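**Q** Task: produce atomic coordinates for the following.
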Amino acid sequence: MKGLSIWKIAEVTGGTLRVFHFGADGWTVCMEGEARSCFLSQEVASITTDSRKVEEGCLFGAILGERVDGHSFLPDVFQKGAVCALTEKEIPSEKALPDTAMDSRFAALIEVRNTQKALGSIAEEYLKVLQIPVVGITGSVGKTSTKEMIFSVLRQKYNALKTEGNFNNELGLPLTIFRIREDTEIAVLEMGISHFGEMAYLSRIARPDTAVITNIGTCHLEYLRDRDGVLKAKTEILEHTNPAGSVILNGNDDKLRTVETPGRHRVFFGIHSDEAAIDYAAGSSPDFPGDLRAEEIVLARDIRQMGFEGTVCRIETPKGAFEARIRVPGLHNVGNAAAAAAVGLQYGLSLEEIRAGIEAFDTISGRFRVIRGSRWLVIDDCYNANPMSVKASLNVLATAEGRRVAILGDMGELGETEEALHREVGTHTAGKVDLLIAIGALSKHLAEAACEAGVHVSYYPDVSAFLKRREMELSEGDSILVKASHFMKFSEIVEALT
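**A** Next up is the predicted model:
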C-alpha cells in the first residue's frame, strides 16, 4: 500500500513500536541493524481487522470487541503471513507471536491507545498519499442507493471504488479506504452516523472533494433530537470538505435549502413533480430556492412512473438535458439519478456517459430489490427503515397490481417520538395497502393507527410468530413489501418467502 511502511504507520498512529526477530533462541527483540531498518521500510500489502482475511505482508488491527478480542488471534495471523499488528494493550511476545518463524523472520507490534482510532489515522494518511478525488455521501435516507447510482455513473469514465455493504462508520470507512489501490482513480465513500461529532471525525479521514447530502429526515432522533439536530450532524461533513470543492444538496429538502457553502461550488439536485411533496421526503417540496442560477441546478422533470418497471424522466443540467430510464421504481430514485448527474458533471463526464451510468444502475439486496417468484412478488427492502423511507416504499407499493401486502416492523433510534412516528407510518398505509402485517413491540402503535385509518391489519409480536402463519396470511399473486430496521432481522422473512 503506497506510502504505508511499518515505520510510517507507527509514526501516524503515535504508537509504541516493538520489532522481533526469529533466530536460534526463538523470538527476540530487535533494536537495531540494517535488516531491521529494511523490514520497517517495507510497505504493508493490506490492512484488515478480520483474522480470516489475513494475507502475506499485511497489517492486522486487533480490535477489542464486545464478544471477540482480536488480540487472541495474534499468533495465528502472524503465522498466516502478517508482518505487523496494531494492539490496544501490551502483549508479551510469547502470547503474540507463533512458536515458529515466519517467512520474513521479522514481526512488528505497534501498541496504540485505541486500534479503531489508529486505523482512522492510517486511512487519513493513505488518502493524502494517494491524492485521488473523494466523493463523500451522507444523509438520512438513500445514502446507499445514491452511492450506488453515483458509482454507476462515475465508472463510465473512471476506475472507481465504492463503499461495500455497511462499511460506512468509524471502523468501516477506514477499512473501505484500505481497499483503494494505486490504479483507483476516484473513491465514492458513504458516511453514516447517529451521534453529534461522528461526521466531523469521518470527514476528517475522508476529506471529500465533493460532499453529497441526500436529505434531512427523522432518523437517529434518540441522539439527534429533531430534524434541526440531524441537519447539524450531517452538515459536519463540510468541516473537512475541500475548501475549493463542491457541495451537492437536495433542493427538495427544506432544511438543506438553508445550507450555505462559502467558497465552494454548490449544486442543488432534485425533482420537479406535483407528487414530490408527498412522496419524496420529510419537509420536501417541488419548489427550489428562487434565487438559484441555472448553473446551480440539476433537475428531473417530465417524470413517468411505470410501476415496478421503473421510471422515465428528463434530467436538465447546466450542460444540457437528456432522457433516462431508471430501472428502480420510486420518485426517490429519480432524485438519486439527479444527484448522480450532478456529481458526474463535476468530474467531466459527458451527458451520454451520465445517462449510460444511470441506466446501468440496478437494485441491491435489502434495498427495494424486486424478486418475482412463482407464487408472489416480494420487495426486499429490509436492510433498514425509518419513517421517511417506509413512506416512500409504501408509495411505490401502492402502484402494484393485485393485492398489496406490507410486512412492516419496528423502526429504531427514534427517541421520545418513537410511538408517534410509528403511528404516523400506520396512518400513511391507508390507500397504499390491502393488508398490513405489523411485527414487533413498537409496531403495535403502527397497527393501531392503520386500523383507525380503515386498513386491514394483522399483528405479530415477532418474526417467528408470523412465519408460522405466513401461508394463512398470504395469497398467490400478492405483491409483498418487507421492511423494518435491521435489528428486526426481516431478512429471515425474505428468505422464507423467496
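
**Q** pLDDT of stretch 304-321, averaged?
**A** Across stretch 304-321, the average pLDDT comes to 91.

**Q** switch to numbering from 41
**A** Understood, numbering begins at 41; the last thing we discussed is stretch 344-361.

**Q** how far is it from where the chain is centred?
**A** Centroid displacement of stretch 344-361 relative to its chain, using Cα atoms, centre = their mean, to the nearest Å, is 24 Å.

**Q** what does stretch 333-344 give?
**A** 26 Å.

**Q** Check which residues of it are buried.
**A** E336, I337, V338, L339, A340, I343 (16 or more other Cβ atoms under 10 Å). Placement of C-beta: from N, CA and C, glycine included.

**Q** Which members of those residues occur in strands, if any?
**A** In strands, defined here by DSSP state E, the members of these are I337, V338, L339, A340, I343.

**Q** Output these as JSON lines; include the columns distance to F191.
**A** Below are these laid out as JSON lines (distance: Cβ to Cβ, whole Å):
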{"residue": "I337", "distance to F191": "23"}
{"residue": "V338", "distance to F191": "17"}
{"residue": "L339", "distance to F191": "22"}
{"residue": "A340", "distance to F191": "19"}
{"residue": "I343", "distance to F191": "23"}
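
**Q** Now the two most distant members of those residues.
**A** Spatially, the most separated pair among these is I337 and I343, at 16.0 Å (Cβ to Cβ).

**Q** Number of residues surrounding D420?
**A** By other Cβ atoms under 10 Å, the residues close to D420 number 25.

**Q** Quick check: beta-bridge partners of it?
**A** R409, V522 (DSSP bridges).

**Q** Tell me how far it lies from P369.
**A** According to Cβ to Cβ, to the nearest Å, D420 stands 13 Å off from P369.

**Q** Can you pull the residues that touch both of the two?
**A** Common neighbours of D420 and P369, using Cβ atoms under 8 Å, 6 or more residues apart in numbering, are F408, V410.

**Q** Next up, the contacts around D116.
**A** S91, P138.

**Q** Could you pull up the mean pLDDT of the strand or helix carrying it?
**A** Counting by DSSP states H and E, the element that carries D116 is helix 114-120. Mean pLDDT, computed over helix 114-120, is 94.

**Q** what's the spacing between that helix and its chain's center?
**A** For helix 114-120, the distance to the chain centre is 31 Å (Cα atoms, centre = their mean).

**Q** Can you list the buried residues in it?
**A** The neighbour-count check on helix 114-120 (16+ other Cβ under 10 Å) flags L114, V117, F118, K120 as buried.

**Q** any weak-confidence spans in the chain?
**A** 141, 143, 313-331, 334, 405-406 (pLDDT under 70).

**Q** Which segments of it make up each domain?
**A** If you go by automatic domain parsing, the domain ranges for the chain are 46-155, 172-400, 409-537.

**Q** out of the ones you listed, nearest to A163?
**A** domain 172-400 (3.7 Å).

**Q** The closest one: how far from the chain's middle?
**A** Per Cα atoms, centre = their mean, the centroid offset for domain 172-400 relative to its chain is 12 Å.

**Q** Can you get me the start-to-end distance on that domain?
**A** 24 Å (Cα to Cα, to the nearest Å).

**Q** same thing with stretch 488-498?
**A** The first residue of stretch 488-498 is 10 Å away from its last residue (Cα to Cα).

**Q** for stretch 412-422, same thing?
**A** For stretch 412-422, the end-to-end distance is 16 Å (Cα to Cα).

**Q** Please spell out which residues along that stretch are buried.
**A** In stretch 412-422, counting by 16+ other Cβ under 10 Å, buried: W416, L417, V418, I419, D420, D421, C422.

**Q** My understanding was that the fifth one contacts V522; is that so?
**A** Yes. Checked against Cβ atoms under 8 Å, the pair D420 and V522 is within contact range at 6.1 Å.

**Q** joint contacts of those two?
**A** Each of V534 lies in contact with both D420 and V522 under the rule Cβ under 8 Å, 6+ apart.

**Q** Next, the contact list for the closest residue to L417 other than its chain neighbours, please.
**A** In this structure, L417 finds its nearest non-sequential neighbour in S519, 4.7 Å apart by Cβ to Cβ, 6 or more residues apart in numbering. Listed by Cβ under 8 Å, 6+ apart, the contact set of S519 reads F348, W416, L417, I419, L437, A440, E441, G442, R443, R444, V445.

**Q** Kindly report the same for L339.
**A** The contact partners of L339, by Cβ under 8 Å, 6+ apart, come to G291, F309, G310, I311, H312, F328, I355, E356, A378.

**Q** out of those, who has the most neighbours?
**A** If you count neighbours using other Cβ under 10 Å, the busiest of the contacts of L339 is A378, which has 33 neighbours.

**Q** For K272, which non-adjacent residue is spatially closest?
**A** Nearest non-adjacent residue to K272, counting by Cβ to Cβ, 6+ apart: F236, 7.1 Å away.

**Q** Contacts for the helix or strand hosting V307, please.
**A** V307 is part of strand 305-311, with elements assigned from DSSP H and E. Identification of contacts with strand 305-311 by Cβ under 8 Å, 6+ apart yields 285-292, 296-297, 316, 320, 326, 328-329, 332, 336-341, 343, 353, 371, 374-375, 378-379, 381-382, 385-386.

**Q** just checking, which of those belong to strands?
**A** Those of these lying in strands (DSSP E): S286, V287, I288, L289, N290, I337, V338, L339, A340, R341, I343, C353.

**Q** those helices in the stretch 91-240 of the chain, which residues are they?
**A** 114-120, 133-136, 155-170, 183-194, 212-217, 238-246 (DSSP state H, counting those that start in this stretch).

**Q** Between these, which one is closest to G303.
**A** Distance to G303, taken as Cβ to Cβ, is lowest for helix 238-246 among the helices of the stretch 91-240 of the chain, at 16.1 Å.

**Q** Show me where the stretch 341-490 of the chain has its helices.
**A** With helices called from DSSP H, counting those that start in this stretch, the stretch 341-490 of the chain shows them at 371-386, 391-400, 427-437, 458-468, 483-492.

**Q** who touches the residue nearest to K272 in this structure?
**A** By Cβ under 8 Å, 6+ apart, the neighbours of F236 are Y263, L264, G269, K272, A273, E276.

**Q** next one: K197
**A** K197 touches Y387, G388, L389, E393, counting by Cβ under 8 Å, 6+ apart.

**Q** residues contacting the closest residue in space to the first one that isn't next to it in sequence?
**A** To tie it back to what came earlier, the one meant is Y387. Of all residues not flanking Y387 in the chain, L194 sits nearest, at 6.4 Å (Cβ to Cβ, 6+ apart). Applying Cβ under 8 Å, 6+ apart to L194 gives the contacts V175, A200, I226, V228, V383, G384, Y387, L389, G397.

**Q** give me that answer again for 10 Å
**A** 173, 175, 200-202, 225-228, 380, 383-384, 386-387, 389, 393-394, 397 (Cβ atoms under 10 Å, 6 or more residues apart in numbering).

**Q** Tell me how far E222 lies from R412.
**A** E222 sits 42 Å away from R412, taking Cβ to Cβ as the criterion.

**Q** thinking again about what came up before, include neighbour count, distance to T68 and secondary structure when you put the contacts of F236 into a markdown table, please.
**A** A markdown table is the format used below for the contacts of F236 (neighbours: other Cβ atoms under 10 Å; distance: Cβ to Cβ, whole Å; DSSP: H, G, I helix; E, B strand; the rest coil):
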| residue | neighbour count | distance to T68 | secondary structure |
| --- | --- | --- | --- |
| Y263 | 16 | 49 | helix |
| L264 | 23 | 52 | helix |
| G269 | 16 | 55 | helix |
| K272 | 16 | 54 | helix |
| A273 | 25 | 50 | helix |
| E276 | 20 | 47 | helix |
